[in-house]
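> The sequence isn't on hand, but the structure is:
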Ligand code: TRP
């Protein structure tokens, strides 16, 4: 068997994993979550979730990757038996589905780098984004044709991904992240400085962090914190497992998990200063109450931020270019990890070479992503994202945690990680992973299913939601078929 690829250095691995974690979600998802869940008080459940679930599951994913030196299906198969492989195969499809729309969002960000030069959104960034750019139709069943600029931008993003991933773990992913990560930190620092030095910027920060402890009595806030931690650390998608599998034998697990997780959350926290400093200024200039200038989700990045840019006293285009460039590279370092998950699985499972595996994955991702480049694409993006980033992540997280802590054995697993790690995973790890995280994920899943069954989601017609859900189920079936055709027999592999 050919030697497994390895990271060139410890720092290279940390940067790559941190690159996977830091993404689109860190720039606006965190800021908005914090603001709407009690401001500074939200940091309490957030750090609680980070310590009790985020870091323990990061240790779990890096640990089984590095222990088995296999991508998700075979790593899980090795620790919990052949049946557990299917969970990993499902991540191959789920990561591909996630990437197919994640890269479309990235392609908007990429387009907006150029739009910043001329402030192309004019006086009404909302109408410009939804109308001129997306060409949003009246509903999910009216697709309204492909948007050419988005299509081309999407193609460029897919090709960049293909280029990086096809060059391998060390020569492609690690090298790219060594450039992207330092740049990301520098740009976010520049934007923070700009944000807080704007007139009334500090008032925005005040809103961002003003603690409202009464919100902590609401269980939704705690569940949001756990959901956000899973999403932001890229857990439950196989990506961290496959990255762990390229570690040199005997490489540290626990200390690295702390560094990656804390680095990611620190980045989010910082980005919040840039976003809210700027919004504080906007609220002042528009003379509007702060609540009115804060919007959720993509509205914050593609509508609110452009509006803010137009209102800046100086350096408008520059700030716009920096902001969208930051989104683009933060997103790229995440999307390559999603691609690598599926590529790594195809290489392990079918013995494909890297070039072939990457070309197949890039091609399929592009094809299934085409739907999101249409006028009705945003609706489908939103629905599919809901199912993937809530249900799939939590489900995979739950099953893999059961596989490692209950089937394989929490103590046996701790023995392995402690034999290689500088910091030890004490019995706290077992308490958090084996009991607490499992309980939380079960509750999260049940509540999500309950709310879907009773309220639907986002006001979409049941038929559309049914199709999106059917699409996810179809993905599971494809995963099963791929799994049944695999060529790697782990019972015969020498470890
Ligand atoms: N962590 C990424 C972000 O914050 C998004 C993400 C969620 C992700 N799950 C993932 C990225 C799995 C890579 C792999 O934007």
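Cool, the structure landed. A quick note: this is a predicted structure, and the numbers were derived from the prediction, not measured.
> When you work out contacts or count neighbours from here on, use the C-alpha atoms and nothing else.
Will do.
> Do I have it right that residue 397 meets residue 236?
Yes: counting by CA atoms under 8 Å, residue 236 is a contact partner of residue 397 at 4.5 Å.
> what about the two, which has more around it?
Each of residue 397 and residue 236 has its neighbours counted (other CA atoms under 10 Å); residue 236 has more, 28 against 23.
> and the more buried one, that's in a strand?
No: under DSSP: H, G, I helix; E, B strand; the rest coil, residue 236 sits outside any strand and is assigned coil.
> what comes into contact with the helix or strand bottoming out on mean pLDDT in the chain?
Across the helices and strands of the chain, mean confidence by mean pLDDT, DSSP states H and E is lowest for helix 297-299: a mean of 79. For helix 297-299, contacts defined as CA atoms under 8 Å, 6 or more residues apart in numbering pick out 28-29, 32, 126.
> does any bit of that helix sit next to the ligand?
No: applying CA under 6 Å from any ligand atom, one finds helix 297-299 out of contact with the ligand, separated by at least 11.9 Å.
> Buried residues in that helix, which are they?
Buried residues in helix 297-299, counted by 16 or more other CA atoms under 10 Å: 297, 299.
> Return the distance of the strand or helix carrying residue 33 from the chain's centre.
Assessed by DSSP states H and E, residue 33 sits inside helix 30-36. Counting by CA atoms, centre = their mean, to the nearest Å, helix 30-36 is centred 16 Å from the centre of its parent chain.
> which helices and strands does the next helix or strand after it pack with?
Using DSSP H and E, the helix or strand that follows helix 30-36 in sequence is helix 43-49. Under the contact definition 3 or more CA pairs under 8 Å, 6 or more residues apart in numbering; DSSP states H and E, helix 43-49 sits against helix 219-232.
> separation between residue 43 and the ligand?
Plainly put, residue 43 is 17 Å away from the ligand if you go by CA to the nearest ligand atom, to the nearest Å.
> Now do that residue, the pLDDT please.
Looking at residue 43, its pLDDT is 90.
> what about it, how many residues close to it?
17.
> again, but for residue 167
Neighbours around residue 167, by other CA under 10 Å: 16.
> what do you get for residue 214?
9.
> Identify the residue spatially nearest to it, adjacent ones excluded.
Leaving aside its sequence neighbours, residue 214 sits nearest to residue 38 (CA to CA, 6 or more residues apart in numbering; 7.8 Å).
> what about the one you found, distance to residue 25?
19 Å (CA to CA, to the nearest Å).
> For those two, indicate the residue with more neighbours.
Each of residue 38 and residue 25 has its neighbours counted (other CA under 10 Å); residue 38 has more, 22 against 19.
> Is the more buried one in contact with residue 220, as I believe?
No: applying CA under 8 Å, one finds residue 38 not in contact with residue 220, separated by 11.5 Å.
> For the stretch 101-250 of the chain, what lies in contact range of the ligand?
231-235, 237, 239.
> Show residues contacting stretch 424-437.
So stretch 424-437 is contacted by 52-53, 56-57, 254, 398, 401-402, 405-406, 410-411, 414, 417-418 (CA under 8 Å, 6+ apart).
> now these: which count as buried?
52-53, 56-57, 254, 398, 401-402, 405, 410-411, 414, 417-418.
> now, which of those lie close to the ligand?
Of the buried ones among the contacts of stretch 424-437, not one also sits near the ligand (CA under 6 Å from any ligand atom).
> Inside helices: which ones of these?
56-57, 254, 398, 401-402, 410-411, 414, 417-418 (DSSP state H).
> quick one: the least confident helix or strand of the chain to chain centroid distance?
The answer for helix 297-299 is 15 Å, by CA atoms, centre = their mean.
> Downstream of it, the next helix or strand is which one?
helix 305-311.
> Contacts for that next one, please.
Applying CA under 8 Å, 6+ apart, the set of residues contacting helix 305-311 is 119, 121-125, 278-279, 282, 285, 316-317, 319-320.
> Contact partners for residue 416?
So residue 416 contacts residue 67 (CA under 8 Å, 6+ apart).
> How much space separates it from the ligand?
Relative to the ligand, and taking CA to the nearest ligand atom, residue 416 is found at 25 Å.
> can I assume residue 254 is in contact with residue 414?
No: shown here, residue 254 and residue 414 do not form a contact pair, counting by CA under 8 Å, at 10.0 Å.
> Okay, buried residues for stretch 453-468 please.
Within stretch 453-468, judged by 16+ other CA under 10 Å, the buried ones are 457, 464-465, 468.
> Sitting in helices, which of those residues do you find?
464-465, 468.
> could you dump those to a markdown table with distance to the ligand and pLDDT?
Putting those into a markdown table (distance: CA to the nearest ligand atom, whole Å; pLDDT from 0 to 100) gives the following:
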| residue | distance to the ligand | pLDDT |
| --- | --- | --- |
| 464 | 24 | 96 |
| 465 | 21 | 96 |
| 468 | 19 | 96 |
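> Mind checking if the helix or strand that contains residue 331 is in reach of the ligand?
Assessed by DSSP H and E, residue 331 sits inside helix 316-350. Yes: applying CA under 6 Å from any ligand atom, one finds helix 316-350 in contact with the ligand at 334, 337-338.
> For that helix, list every residue counted as buried.
Per 16+ other CA under 10 Å, helix 316-350 contains these buried residues: 316-317, 319-350.
> how big is the angle separating the helix or strand following it from helix 316-350?
Per DSSP H and E, the first helix or strand lying C-terminal to helix 316-350 is helix 354-369. Here the directions of helix 354-369 and helix 316-350 differ by 120 degrees (axes from the mean of the first three to the mean of the last three CA atoms, to 10 degrees).
> Tell me the helices and strands packed up against the following helix or strand past helix 354-369.
Using DSSP H and E, the helix or strand that directly follows helix 354-369 along the chain is helix 377-386. In terms of contacts (3+ CA pairs under 8 Å, 6+ apart), helix 377-386 is packed against helix 85-118, helix 462-484.
> Just put those helices in a markdown table and tack on distance to residue 187.
Formatted as a markdown table, these follow (distance: least, CA to CA, whole Å):
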| stretch | distance to residue 187 |
| --- | --- |
| helix 85-118 | 14 |
| helix 462-484 | 36 |
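> just those helices: most buried one?
Comparing those by mean neighbour count (mean count of other CA atoms under 10 Å), helix 85-118 ranks first with a mean of 24.
> related to what we said a few turns ago, tabulate the residues of the stretch 101-250 of the chain next to the ligand (CSV), appending pLDDT and neighbour count.
Shown next, in CSV, are these (pLDDT from 0 to 100; neighbours: other CA atoms under 10 Å):
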residue, pLDDT, neighbour count
231, 93, 22
232, 96, 23
233, 97, 28
234, 97, 26
235, 97, 23
237, 96, 34
239, 98, 31
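> And for the residue nearest to residue 151 when sequence neighbours are not counted, the neighbour number?
Excluding its sequence neighbours, the residue lying closest to residue 151 (CA to CA, 6+ apart) is residue 373, at 5.9 Å. Residue crowding around residue 373 was assessed by other CA under 10 Å; the count is 28.
> Could you check how far residue 373 is from residue 105?
Residue 373 is 10 Å from residue 105, by CA to CA.
> Can you list the buried residues in stretch 439-457?
So for stretch 439-457, counting by 16+ other CA under 10 Å, buried means 440-441, 444-445, 448, 457.
> typo on my end, stretch 164-177
Buried, per 16+ other CA under 10 Å, within stretch 164-177: 164-170, 172-177.
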